[in-house]
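Q: Need a 3D model of the sequence below.
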Amino acid sequence: MKKGASFRRSLRFGNKRDGERNGKQGPPLADDLLEKTDKKEEIIKEVEELYTLPEIPQTPPSVMQISKMIEVEVLEVAHVNLLSLRLEYQKEREQRAADCSVELSKKEKDLNLLYRDLRNKISTIVRESNSLPVSNKALLVPIARIIQEEERRAGEPGGLPDSWMEAWRESVYEGVRVKVNNVHLDQREQNSSWLAVHLGLLGKTIVEDLENVKRDLKISYPASFRVFSTYVTKYHKVVGQHLKKLEPEVTELKDLYALLDWILNEYESEKIMSCPSLQPEITEEHTVLQLEENFLKQLKDKFCCKVKEDMREILERVIQLEFDDFWKDRKMPQKEDNFLNAPFHMDIWTKVKGTIVNCGKLEPSLEKKVTSSCIGELKNFPKRFETEFKRHCSAFQPQPLWAQYLITYINSFAALLEHMEGYQDSCPKEVEEFRGEVKWLIARLRQTLEDQFKEDIKPYMRRMMTRKWLTSDEDFNHLRHHTELLSQHCDVTRPPHAQEFVSELHYHVVREYIGQLMKYNYNCRNRRHERAAAKIRHQWSQLRHLFENMVIMVFLLNTFSLFEGIYLFIYFVLLRKLTF
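A: Residues are numbered from 1 along each chain as shown. Next comes the predicted model:
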C-alpha cells in the first residue's frame with residue numbers, strides 16, 4: 001500500500017478509483033493492464049503546465065491531523081486542507097479586522113507552523129530527490145503543484161512571505177551541495193594523487209547526476225520550472241564554491257596544474273558539461289563555472305609563484321648534484337661531441353620547456369606568465385652557481401682539473417643561454433636579463449682561465465732575452481708546454497669562446513715575448529748576435545705553429561697575422577738597434 005494511503009482513507013479522502021470500486025464492479029483484467037500501461041506512458045511525458053486544484057474541504061481537519069499528513073508525506077491532501085484552514089483564517093480575519101482576537105492570532109501561528117513544516121518537508125524531498133528510488137519521485141509532481149498554487153496565492157494573508165519557487169531552487173542548491181561534498185576525498189598524506197582522483201570522481205558525479213535529472217526529474221515538473229537548467233546553474237555555483245574551499249589545501253605544483261586544467265579545460269569538455277549524454281539540453285546552458293571574483297586570477301598567480309619556487313629548488317638541486325657527482329670527488333667532467341659538457345643545461349631546459357608547453361595547454365596567457373616566471377628565476381642562477389663552484393673548487397687551482405671545470409661551465413652556460421633565447425619573442429625583458437648574467441659569468445670564467453695561463457707562463461717569460469736564455473731552452477720549453485695545454489683546452493671549448501680565448505692569449509704571448517726584447521739590453525758580438533736572432537726566429541716559429549693549429553676562425557687568423565706582422569717589424573727594428 002502506498003505510503004500514507006491508509007491515513008488518507010481514515011480521513012475519508014478517497015480517490016476516483018476508490019469511488020468506482022465502491023459503486024460498481026472493477027474493470028476486466030485486460031483493461032486494468034491497459035490502464036497501468038497508459039499510466040506508465042504518462043509518467044514518461046513531461047508534466048503539463050496547467051492543473052486542476054483538488055476540491056478544498058469546507059471544514060479543515062485539526063492542526064494535528066494536517067501535521068500528520070505532512071509528516072507521512074501525503075502532501076497533496078495536506079495542502080488542500082491547509083488551504084481550507086487558510087481560507088477559514090482569511091474569512092475570520094475579515095470579520096474581525098477591527099478586533100484581532102487571541103484565537104485569530106493562534107490560528108495565524110498554527111498556519112505559519114504548518115506552512116513551515118510543509119515547506120521543510122518539500123525541501124527535504126527536493127534536496128534528496130536525485131538520490132531517491134524512481135518510485136518515490138512521484139512525490140515531485142504534487143510538490144510542483146503545491147509550489148505553483150502557492151506562487152499564485154502569494155500576497156494573500158496566511159501564507160509564507162517569501163517565494164516558494166526560490167525555496168525550491170534553494171533546495172535544489174542544497175541537494176547539489178550535499179552531492180558534491182559527499183564525493184570521496186583522500187587526505188594528502190594518504191595519496192599523492194588525492195586531488196586528481198577527487199576531481200575525476202567529482203566530474204563523474206556531476207555527469208551522472210545531470211543524466212538522472214534529464215531522465216527522471218525533468219519529467220516530474222512543468223516546463224516553467226526549468227529543472228535541468230536550474231540543476232546546471234546550481235552545479236556551476238556549488239562546484240565553484242567547492243573548489244574555493246579546496247584551494248588552500250592545494251600547494252604542490254602538480255595539484256595546482258590539475259586544478260587549473262580541470263577548471264579551464266575539463267569542466268567544459270565532453271568529459272563533463274559537454275558530455276554527449278546530456279545533449280541536447282546542455283547546448284542551451286552556459287557551461288562555465290561560477291567562480292568568485294578574482295579566484296581564477298589568484299589561482300594563476302599562485303601557480304606562477306609555485307613555478308618559480310619549483311624552479312628555484314631544481315636549480316639548487318643542480319648545484320648539489322654537481323657537488324655530489326664531480327666536485328666532491330674531483331671527478332673529470334664529461335664530454336659531448338668532443339667538447340667538455342655538464343648535462344645540467346639540458347636538464348634545466350627540458351624542465352623549463354616541459355613546464356611552458358604544459359601551461360600552453362591550459363591557457364595562452366598563462367603560458368606567457370609561466371615563461372616569464374621560469375626565465376626570471378633563472379636570472380639568479382649564474383651567480384649562485386659561480387659562488388658555490390668557487391667555494392668548493394677554488395682549492396683545485398692551478399691543477400688542470402680546475403681549467404677543465406672552467407671550460408665545462410663556459411660551454412654549459414653558453415648552451416643554456418642558447419636554449420633560453422628561443423623565448424626572446426615572448427619574454428624579451430627576462431631573456432635579456434638572463435643573457436646579461438650568463439655573459440658576465442662566461443666572461444669571468446674565461447678571465448680566470450686566461451689569468452691562470454698568464455700566471456703559469458709568467459716566470460718563464462720573465463727569463464726570456466737574458467744570458468741564460470741564449471744558452472738554455474728550459475724556460476721556453478715550459479712556455480711551449482703550457483701553450484700546448486692551452487691548445488688542448490681550446491679543443492674542448494665550444495665556439496665562439498674558443499676563438500676569443502685563443503685570440504686573447506695569442507696576443508698576450510706575442511706582447512710578452514716582444515716585451516722582453518724591449519726590457520733587456522745586453523752586449524753580444526760576433527756570432528752570438530747571429531745565434532740570438534736564429535733562436536728568436538726558431539722560438540717564434542714554434543709558438544706561431546702552436547697557435548695556428550688551435551681551433552680558430554678565419555677572421556681571427558687574419559687578426560693574428562696582423563699582430564705578427566706588426567711585432568715582427570718591431571723585432572727587426574729592435575734587433576738592428578740592440579748591440580749583440
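Q: okay, CA-based contacts and neighbour counts for the rest of this
A: Will do.
Q: Low-confidence stretches in the stretch 351-500 of the chain?
A: Scanning the stretch 351-500 of the chain with the threshold set as pLDDT under 70 gives 465-466, 470-471.
Q: what does the stretch 1-150 of the chain give?
A: Applying pLDDT under 70 to the stretch 1-150 of the chain flags the ranges 1-46, 97-100, 133-136.
Q: need the helices for it, in chain order.
A: In the stretch 1-150 of the chain, the segments counted as helices under DSSP state H, counting those that start in this stretch are 5-10, 16-23, 29-44, 63-71, 75-95, 102-128, 140-152.
Q: Looking at these, which is nearest to Y51?
A: helix 140-152 (7.5 Å; CA to CA).
Q: which residues touch the closest one?
A: Applying CA atoms under 8 Å, 6 or more residues apart in numbering, the contact partners of helix 140-152 are 47, 51, 75-76, 79, 122, 125-126, 129, 159, 163-165, 220-222.
Q: Let me know which of the helices of the stretch 1-150 of the chain is the nearest to A196.
A: helix 102-128 (27.4 Å).
Q: tell me which residues in that closest one are buried?
A: For helix 102-128, burial by neighbour count (16 or more other CA atoms under 10 Å) applies to 104, 107-108, 110-112, 114-115, 118-119, 121-123, 125-128.
Q: E270 and P276 touch, don't they?
A: Yes: E270 is within contact range of P276, at 6.7 Å (criterion: CA atoms under 8 Å).
Q: Mark out where each domain of the protein begins and ends.
A: 1-45, 46-161, 183-292, 297-444, 463-577 (automatic domain parsing).
Q: measure N358 to K254 for me?
A: Remark: distance between N358 and K254 (CA to CA, to the nearest Å) = 11 Å.
Q: Looking at those two, which has the bigger crowd around it?
A: More crowded of N358 and K254, by other CA atoms under 10 Å: K254, with 17 against 13.
Q: Checking my notes, that one in a helix, right?
A: Yes: according to DSSP: H, G, I helix; E, B strand; the rest coil, the state of K254 is that of a helix.
Q: and stretch 47-57, which residues are buried?
A: Here stretch 47-57 shows 47, 56 as buried, counting by 16+ other CA under 10 Å.
Q: Kindly report the same for stretch 212-230.
A: The neighbour-count check on stretch 212-230 (16+ other CA under 10 Å) flags 212-214, 216-222, 225, 227-229 as buried.
Q: Just put those residues in JSON lines and tack on secondary structure, distance to R152 and pLDDT.
A: Compiled in JSON lines, the buried residues of stretch 212-230 are given as follows (DSSP: H, G, I helix; E, B strand; the rest coil; distance: CA to CA, whole Å; pLDDT from 0 to 100):
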{"residue": "N212", "secondary structure": "helix", "distance to R152": "29", "pLDDT": "92"}
{"residue": "V213", "secondary structure": "helix", "distance to R152": "26", "pLDDT": "93"}
{"residue": "K214", "secondary structure": "helix", "distance to R152": "27", "pLDDT": "92"}
{"residue": "D216", "secondary structure": "helix", "distance to R152": "26", "pLDDT": "88"}
{"residue": "L217", "secondary structure": "helix", "distance to R152": "23", "pLDDT": "90"}
{"residue": "K218", "secondary structure": "helix", "distance to R152": "22", "pLDDT": "90"}
{"residue": "I219", "secondary structure": "helix", "distance to R152": "22", "pLDDT": "89"}
{"residue": "S220", "secondary structure": "helix", "distance to R152": "19", "pLDDT": "89"}
{"residue": "Y221", "secondary structure": "coil", "distance to R152": "16", "pLDDT": "92"}
{"residue": "P222", "secondary structure": "coil", "distance to R152": "15", "pLDDT": "93"}
{"residue": "F225", "secondary structure": "helix", "distance to R152": "14", "pLDDT": "94"}
{"residue": "V227", "secondary structure": "helix", "distance to R152": "19", "pLDDT": "94"}
{"residue": "F228", "secondary structure": "helix", "distance to R152": "23", "pLDDT": "94"}
{"residue": "S229", "secondary structure": "helix", "distance to R152": "22", "pLDDT": "92"}
